[in-house]
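In: Provide a 3D model corresponding to the input given below.
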Amino acid sequence: MTDEKATKNKHLTDADRLEIQNCLGHGMTFKAIAKRVGKDQTTISKEVKRHLVERPSGGRRVKEDGTQVPNPRCLSLLKAPFVCNPCPKFHGSCGFDRQVYVAKKAQETYKTLLSEARTGIPLNKETFYHADPVISEGIKRGQHLYHILQTHNLGISVPS
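Out: Numbering: from 1, shown residues only. The predicted model follows:
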């Protein structure tokens, strides 16, 4: 591990995501982007796949009965980098639905997810004293916590 990677934060920053977007626009590979950002190429790949934004094309096909037929998928989207950012037809007339990576949208999604993950359950004394004996008894019987919470409506969920 290089010193540069050791000093990097664990999470991608807003600047990292903007660099990913710019590099994708220039047709760079995940490996090349990872080297520039100082992260593993798998991290870059997962980031892009996780934060794809679908943009439907303007033209829709319609059957004789009036129902819409989905546009065929562009074959370029089946392989890395899975986005239309580097495509020369991106700003032109492309009949396919588009998939793009947008750094600003990815950062907003990340912040929302991080905030939700850090909020606790709204548990007051009354709820706690109601749930405690139910959970304790279930565990004494050898039941799995998930089973206990599913069979009793306690208003508590197990983190995924």
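
In: what about the residue nearest the centre of the chain, distance to Ser136?
Out: The centroid of the chain falls nearest to Arg50 when counting by CA atoms, centre = their mean (3.3 Å). As judged by CB to CB, to the nearest Å, Arg50 and Ser136 stand 38 Å apart. Every C-beta, even on glycine, is put in place using the N, C-alpha and C of the backbone.

In: who's in contact with Lys104?
Out: Listed by CB atoms under 8 Å, 6 or more residues apart in numbering, Lys104 has no contact partners.

In: so where does it fall, helix or strand?
Out: Taking DSSP states H and E as the definition, one finds Lys104 inside helix 103-117.

In: tabulate the CA atom coordinates of that helix in CSV.
Out: Output of helix 103-117 as CSV, limited to C-alpha atoms (Å, rounded to 0.1, in the frame of the first residue of the first chain):
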residue,chain,number,x,y,z
ALA,A,103,-21.4,13.1,-9.7
LYS,A,104,-23.7,15.6,-8.0
LYS,A,105,-26.6,13.1,-7.9
ALA,A,106,-24.2,10.4,-6.6
GLN,A,107,-23.0,12.6,-3.8
GLU,A,108,-26.6,13.5,-2.8
THR,A,109,-27.6,9.9,-2.7
TYR,A,110,-24.5,9.0,-0.7
LYS,A,111,-25.2,11.8,1.9
THR,A,112,-28.8,10.7,2.3
LEU,A,113,-27.8,7.1,2.8
LEU,A,114,-25.1,8.0,5.3
SER,A,115,-27.5,10.2,7.2
GLU,A,116,-30.2,7.5,7.3
ALA,A,117,-27.6,4.9,8.4
